[in-house]
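Q: quick one, what's the 3D model for this:
(3 chains)
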Amino acid sequence: MQSLYFAIMVLALLALVFGAILGFAAIRFKVDGDPIVDQIDNLLPQTQCGQCGHPGCRPYAEAIANGEAINHCPPGGESTIKALADLLDVEAIPLDAEHGTEAVRTIAYIREDECIGCTKCIQACPVDAILGAAKQMHTVIVDECTGCDLCVEPCPVDCIDMLPIEVTPASWHWQPPTDIIATSNHAHHAAPQGDVSHG
Amino acid sequence: MALLNLSSPHHHSLNRTSRLMMWVLLATVPGLLAQSYWFGYGTVINLIWACALAVTFEALVLWLRKRPIKPFISDGSALVTAFLLALALPPFSPWWLTLVAVLFAIVFAKHLYGGLGNNPFNPAMVGYALCLIAFPVSMTQWAGTENTLNLAQQWQWFWTETLSGGIDGYTQATPLDLMRHTKGLTLGELAATNPVLGLGLSASAWINAAYLVGGLGLLALRIFTWHAPVAMLASLGLCAGLFHMGEPDLYPSASQHLFSGATMLAAFFIVTDPVTSATSRKGKLIFGAGVGLLVFIIRSYGAYPDAFAFAILLMNLAAPLIDTYTQPKAYGHQGNKDNER
Amino acid sequence: MGRVWPFHGGVHPPENKLQSNQSAIVPMPVPKQLVLPLNQHIGAPAKCLIEVGTKVLKGQLIASAQGFVSANLHAPSSGIITAIEERTLPHPSALMDLCIVIDTDGQDQWVDHAGIDPLSVHKGKLLQCIRSAGITGMGGAGFPSAVKLQAKSKINTLIINAAECEPYITADDRLIREYSEQIIAGIQIIRQLLDQPACIIGIEDNKAEAIAILSQALTGIDGIAVAVIPTKYPSGGEKQLIQILTGQQVPHGGIPADLGLVCHNVGTAKAIADAVLLGQPLISRVTTVTGKAAAKAGNYQVLIGTQVSDLMAFAEVDLAATSRLVMGGPMMGFTLTDHQVSVVKSTNCILASSELELAPVADHHACIRCGQCEVVCPAELLPQQLFWFAKAEEFDKAQSHNLADCIECGACAWVCPSQIPLVQYYRFAKGRVKTLHAETQLAEHARLRFETREQRLIDEKLAKEEKRKARAVAAAAAQAAKRAANPDAEDPIAAALARVNQQKQAAATSFTAEPPEDAYKALKTAAAITRTKLKKSSKALTDALASGHEQVESLQTTVDQLTLKADAAKAALSAYETKLGLDPEHEKQLQVTAAKAGAVVRKLEKSLATAEDAAAIEAQIVIAKTAHATANQALETYQHKSTALQQQTQES
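A: Residues are numbered from 1 along each chain as shown, chains lettered A, B, ... in the order given. Below is the predicted model:
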C-alpha cells in the first residue's frame, strides 16, 4: 500500500514540476500576435480579388487560420495550395471550382476613348491602381494592377478588358523538356515550346 | 528541311549509358574466369540463367508499367544486376535460388521504386540479402577448391540439387567462415590444422586480384571516379590492420581481409553503383569509408559469412544524408562559409 | 608567357575549326535590306531617333542609348528607312520586337566622321567616343563595353579573351591573324582608360598561327602578355578564363572588377580601335558561317542587320540540307527556326549543320547519377542534383544548390550518357525562379498598397466623424451663446421636447407635415401594401367560395373594406403626384418612344451591313438617330423637371 502512495506522490510531483515548467515557458516564450496569419498572408497572391468570399487576402488568411479550407484561392492556384499545405501541415487538395478556376494572370486595360469618367472602377480597385477623376478619362497603372477583376463589373459602359500579360523576349523563358522517358517518337522532345514554327 | 528547335548544347559526346554498362560487364570477365577456374562451372551456368531471368523480368515489368521496352532493355542495367548477383551467389546455387534473387532484385528493389535511377538500394544486394536471410544453407554452400564438379555434374546439381555420390566432397566452408567459426583456436593454429584454409585463401586471393584488375580497367576508362573504392579499401584495410596489430591471433591481417570474400568485387562493382551511392566526391569518400568500416565490423562480429550486402544496404540508407552534408563549394563560393552545406 | 592555372571540369568536344579558318575574312556586299533590332545588347533598348522615310547615311546615329546600360545604334549603310516595325528577333524565343528597316541604296555613303588621337585627349572624351560608337561585347553576351571601361575600383589586370573555346567558331582566330595591329591599338586605348593595367591575352593552344602573329606584333610592346592556355571547353567563359589566368574565382554575386580585373573580347578591342582612331561606329562584325551545309564555309565581314538568309545565300548554304541552324556555337548557341532574322552585334557564328553532323538525340534515358556531369562542371555544381530538383520543380532546393551559378555552358549535357537535355532543365528552373521572385515582390507590393488603401478609408471615415462632432460642438456653443445672450428664453430641452411632440401631432393629423419625399414614398408603400393585402384576401375569398367555407361572409367584408382602402391609397398617391407635377404615365410614354427610336436605329444599322444602297440607309439612320436623340432629350427634360419639382417641394 505504501508503495502505491509513493507512486502517486511521485507522479503528482512530476505533474507539478512539468506543469510549472510548461507554464513558465508559456509566459517566458510567449509569441506576440498571431504570426500564423502573417505567414499565411505572405503565401497568398495578394490580388485582393475576393474570389475566396473574403474582402481581401488578409481576411482569408485569418479565415484559414480559423480552419477554413485552403483551396479557395484561384489566383494562387495549385502552387499556393501546395505552399499552404506545407505550412499548415495538411494535405494539399485540388482547387475548389466553386470559387473559380486557375487562369493565366491578366491585367486590366481601360479602353480610354469609351471611358465616361464615372470613377466607379476607382472605388472598386483594392490596390488604388486606377488613376482618374470624375468626368475625366481613367487609366490603369499597369505595374500596380493585380488582375483581380473587381473593376470590370462596376463599369457602366463595359470599357475594361482583362488582357493576359504579354510575353516579351526579356520575360520569356524556356519550358522544361516534355518527356524524359525514351520513346521511338522524336517529335515530342524536339519542341521546347508548345508551338514551334518550323522555318 | 524543317529547322529543328532545340536547347543547347547541340553537339553531344558519344558517351551512352549502354556503353558504360557494357564496360562494367566486360570488366567482370577476369573475375569470372578466375572464379570458374577455382570453383568449376557453377558460376557460368548461374550467370547465363540469371541474365535470361533478368532480361525477362525487366521486359515483363516494363510492359506492365506501360514503358517502352526496347530502350530500357538496351541500356544494359538489368544485365549488370544479373552479373553481380551471379558472381556473388555461391557456385552451388540451384536454379530456384537465382530465380528468387533476380526476381526480388529486378521487380522489387528496382522497378517498384520507379525503375533505373530511382532505386534507393542496390538491386543486386537486395536480392542477395534476401536469399542470405531466407535460405542460409544454400547460400553458404561454396564449392571446394581441390576437386571441382564437371559440367554434367554441375548441370545435374543445378536443376535437381542431387548428386550421385553426394555433394559433401565438393563443398566446403569459405576461409572467412572458417576464420570466424573456429574461434577456439588462434588463427595460427587454424592454419596449421586445416590445410584447406590455406588453399581457400589463395583461391580467394586470386579471384580478388582478378576483380581488382577489372576494376582498375574501369577506373582507367573513367567509368567511375576513384573515390568510393579507394576509401572503402583504405578503411577496411586500416581497421583490419589496427586490430591485427593488437591481437594477431584473433583478427586476420589487412591483406587477408582485402583479398578474401567479395572485397574487390564489392569495391569496384557494387560500391561504385552510381544510383545508390552518394554523388559528390566528398560524399563518395564517406560512403566508401562507411562500407569498409561496416564490412570489418560485420565480418568480425556478425553472424553472416560475408558482410557486403548488409554494409552496402546500410550505407545506401545513409546516402541521401551524406549528399545533404557534402555539397561541394561551387565556383565563386570559396570564401563563403554559408554555402558549405 | 604568363602562368596558367587549371579550372575544374571542362570537356573536349571535336573542334571542327578547320572548315572555316583556312581562308581570309571575306567582306560581304551590302544587302538590299537591313533590319536592326533596337535591343541588341544587355540593358534598356535604344530609343529610335528617326522616322519612316528618312534618308540615312552610313554610320549615322539612328537610335540612341537610354540610360547607363544601353547602347547606340547606327545605320550600317546608306539608304532609306522604310519601316519601324515588329520583326522576329534572333532570340531563342523567336518573339517579335521593334526593328528599324533600312532599304539600302547601294551607294554605301559615309556620314562625316573622323578619328581622334587617343594620346592627346582626356579620358572622358575617349570614353564618350567609345560610348557613342555603340560598342557592345562581341563575344556573345553583348554587354555595353563603355560600362565596363568606367570602373569604379582600381583595375590591376586587363584580360583579353581570345580563347574562342566553342567548336566551329573561328571569327576571333581570323580577326587576330588579319587585324593584330588594330587589336593591339584597341588594347592600348583600353589600358589608357583604365590607368595602364597589365594586360594578358588568353588564347587557346589550338590557334598556333594566331599566337605566332600576335607574339610577333607584340615584340617591343611592354605590359601586354600572351598566355597560351590548354584547349578545353569552356575556357573562354569569362569566369573560367579569369581562373585560368589569375587563379582567382569571381565571388558569387560579384563582378570581375571586385578582384581588380576586367575582361574584354578581342573583337571588342578591334571595334574600340576603329571607333577611336577612325571614328567608325560599330556597324559590322566578323561572323563565321560554317557547318556541313555551307559550301563556302569561312569568315565574313557582315553589316549589322544583314538577314541571316542573305548571309547564308552568300556563303552558299544549302538550305535543304540544313537540319539545325544555330546562331552562336554548338555548345551555347540557340537554334533559329526562321532564317529571316538579323545578324546582330553579338552574332559570332552561323552554324548550318546537316542532319548527321548535329544529330538530334534519339532517346533520353533515365538519370543514373553516374556523376560524369559533376566531373565536367566548370562551376563545380552537382548537375545531377540540380536536374532532379528542376524536374520536380523544387526550386528552393535548386537555389540552395547554387542554380544561379550555372553558366549554361552545356558541358554536363554534352557528356551525359543518358543524353538528358540538362541545360534546358536549368534554363527552365532559372526562368521559374525569376518569375516566382517577381511574383513574390508584386504580391508584397500589392499587399502594401491594399493595406495603405484600407488605412486611408478608415482615416477618411474617422475624419468625417471628427468633423461632424466638431460641428455639433460648435452648434452647441452657438446655442449656449445665444441662450446666454437671451436668458429669458425657455429651457432648450423642454423646447426641443415640445417641438418633438408638436411634430408627432402634426404627423398624426396630416402627412403634409412630413418631408415631401418621405411622404411620397410612404404613400407609395401604403398603396402597395393595401394592394397586396387586397390580393391576398381576394385569393382567400375565392378559395373559401370554392370550398364552401363558413367564414365566407366575414372574408367578403374584409375584401370590400380593403378594396375601399386600396382605392383611397391610390387616390391619395395620384393626388400627391399631381401636386408634385409628376405623371408616371407620361414618363412611361416618353421612355417607350425613346426605346422605339433606339430600336429603329439598331435595325437600320443592321440592314446597313447587308444592304447595297448604303447611302440611302445611312441617311435613314441619320434621321432615326435624330428621332432617338429627340426622344431621349424629351425624357431627360421631363426627368429633370420632376427632380427639380421634388426638390422644390422638399425645400418648401
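Q: please make it C-alpha for all contacts and neighbour counts, starting now.
A: OK.
Q: what pLDDT does the residue in the stretch 151-300 of chain C that chain B sits nearest to get?
A: Residue of the stretch 151-300 of chain C nearest chain B, by CA to the nearest CA: residue C:251 (4.0 Å). Looking at residue C:251, its pLDDT is 91.
Q: on the three-state scheme, the spatially closest residue to it that is not a sequence neighbour is what?
A: Spatial nearest neighbour of residue C:251, chain neighbours left out: residue B:332 (4.0 Å); criterion: CA to CA, 6 or more residues apart in numbering or on different chains. At residue B:332 the chain is in coil, as set by DSSP: H, G, I helix; E, B strand; the rest coil.
Q: kindly state the domain boundaries assigned to chain C.
A: Using automatic domain parsing, the domain ranges for chain C come out as C:26-353, C:361-484, C:492-580, C:584-651.
Q: gap between the two ends of the second one?
A: What that stands for is domain C:361-484. Taking CA to CA, to the nearest Å as the measure, domain C:361-484 stretches 102 Å from start to finish.
Q: what mean pLDDT does that domain have?
A: 90.
Q: so it, near chain B or not?
A: Yes. Using CA under 8 Å from any CA of the partner chain, we find that domain C:361-484 touches chain B at C:363, C:365-372, C:374, C:378-382, C:401-402, C:405, C:409-411, C:413-419, C:421, C:423-424.
Q: which positions in the stretch 101-250 of chain B make contact with chain C?
A: B:116, B:117, B:118, B:224.
Q: ok, now with 7 Å
A: B:116, B:117 (CA under 7 Å from any CA of the partner chain).
Q: what about the strands in the stretch 101-250 of chain B?
A: All strands of the stretch 101-250 of chain B, identified by DSSP state E, counting those that start in this stretch, fall at B:142-143, B:171-172.
Q: for residue C:541, which non-adjacent residue is spatially closest?
A: Nearest one to residue C:541, counting by CA to CA, 6+ apart, is residue C:555 at 6.0 Å.
Q: list the residues that contact residue 51.
A: Because you didn't say which chain, this covers chain A. A:73, A:99 (CA atoms under 7 Å, 6 or more residues apart in numbering or on different chains).
Q: quick check: which element contains residue C:287?
A: strand C:284-290 (DSSP states H and E).
Q: got a list of contacts for stretch C:624-638?
A: C:590, C:591, C:593, C:594, C:597, C:598, C:600, C:601.
Q: burial check on the fifth one, number of neighbours?
A: Under the neighbour criterion other CA atoms under 10 Å in any protein chain shown, residue C:597 is assigned a count of 22.
Q: state the helix or strand in which the residue lying closest to it once chain neighbours are set aside lies.
A: Distances taken as CA to CA, 6+ apart put residue C:628 closest to residue C:597, at 4.6 Å, once the chain neighbours are dropped. Per DSSP H and E, residue C:628 falls inside helix C:614-651.
Q: give me every residue in the stretch 51-200 of chain C lying close to chain A.
A: C:93, C:95.
Q: which regions of the stretch 51-200 of chain C sit below the pLDDT cut-off?
A: Scanning the stretch 51-200 of chain C for pLDDT under 70 picks out nothing.
Q: contacts only, for residue B:258.
A: Residue B:258 neighbours (CA under 7 Å, 6+ apart): residue B:237.
Q: circling back to that earlier point, which of the strands of the stretch 101-250 of chain B comes out lowest on mean pLDDT?
A: Looking at the strands of the stretch 101-250 of chain B, the bottom one is strand B:171-172 with a mean of 63.
Q: enumerate the residues of chain B near chain A.
A: B:2, B:3, B:5, B:6, B:68, B:71.
Q: out of those, which are buried?
A: For those, a neighbour count by 16 or more other CA atoms under 10 Å in any protein chain shown gives the buried set as B:2, B:3, B:5, B:6, B:71.
Q: helices and strands around the next helix or strand after the strand holding residue C:287, which ones?
A: Later in the chain than strand C:284-290, the nearest helix or strand by DSSP H and E is strand C:298-303. The elements that strand C:298-303 packs onto, with contact taken as 3 or more CA pairs under 7 Å, 6 or more residues apart in numbering or on different chains; DSSP states H and E, are strand C:26-27, strand C:284-290.
Q: deepest of those strands, which one?
A: Highest mean neighbour count among the helices and strands packed on strand C:298-303 (mean count of other CA atoms under 10 Å in any protein chain shown): strand C:284-290, with a mean of 28.
Q: find the centremost residue of chain A, please.
A: residue A:44 (2.7 Å; CA atoms, centre = their mean).
Q: contacts only, for that one.
A: A:57, A:76, A:80.
Q: what's the domain layout of the chain?
A: Assuming you mean chain A. A:35-99, A:104-168.
Q: please go with chain B instead
A: With automatic domain parsing as the reference, chain B has domains B:17-165, B:173-327.
Q: where do the strands of chain A begin and end?
A: A:106-110, A:130-131, A:139-140, A:160-164 (DSSP state E).
Q: the third one and chain C in contact?
A: In other words, strand A:139-140. No. Contact of strand A:139-140 with chain C (CA under 7 Å from any CA) is absent, the minimum separation being 14.2 Å.
Q: neighbouring strands - and their directions - for that strand?
A: Here strand A:139-140 is paired, per DSSP bridges, with strand A:130-131 (antiparallel).
Q: now the partner strand: how far from the chain's centre is it?
A: 24 Å (CA atoms, centre = their mean, to the nearest Å).
Q: again, but for stretch B:14-26
A: 18 Å.
Q: any regions of the stretch 51-200 of chain B where pLDDT drops low?
A: In the stretch 51-200 of chain B, residues with pLDDT under 70: B:143-148, B:163-200.
Q: quick check: phi and psi at residue 167.
A: No chain in the question, so chain A it is. Dihedral angles of residue A:167 (phi, psi; degrees, to the nearest 10) stand at phi -90, psi 130.
Q: wrong one, I was asking about chain C
A: phi -60, psi 160.
Q: you'd agree it is up against residue C:18?
A: No. Residue C:167 is beyond contact range of residue C:18, at 10.1 Å (criterion: CA atoms under 7 Å).
Q: for residue B:327, state which of the buried ones among the residues of chain B next to chain A is nearest.
A: residue B:6 (30.5 Å; CA to CA).
Q: host element of the closest one?
A: Going by DSSP H and E, residue B:6 is not part of any helix or strand.
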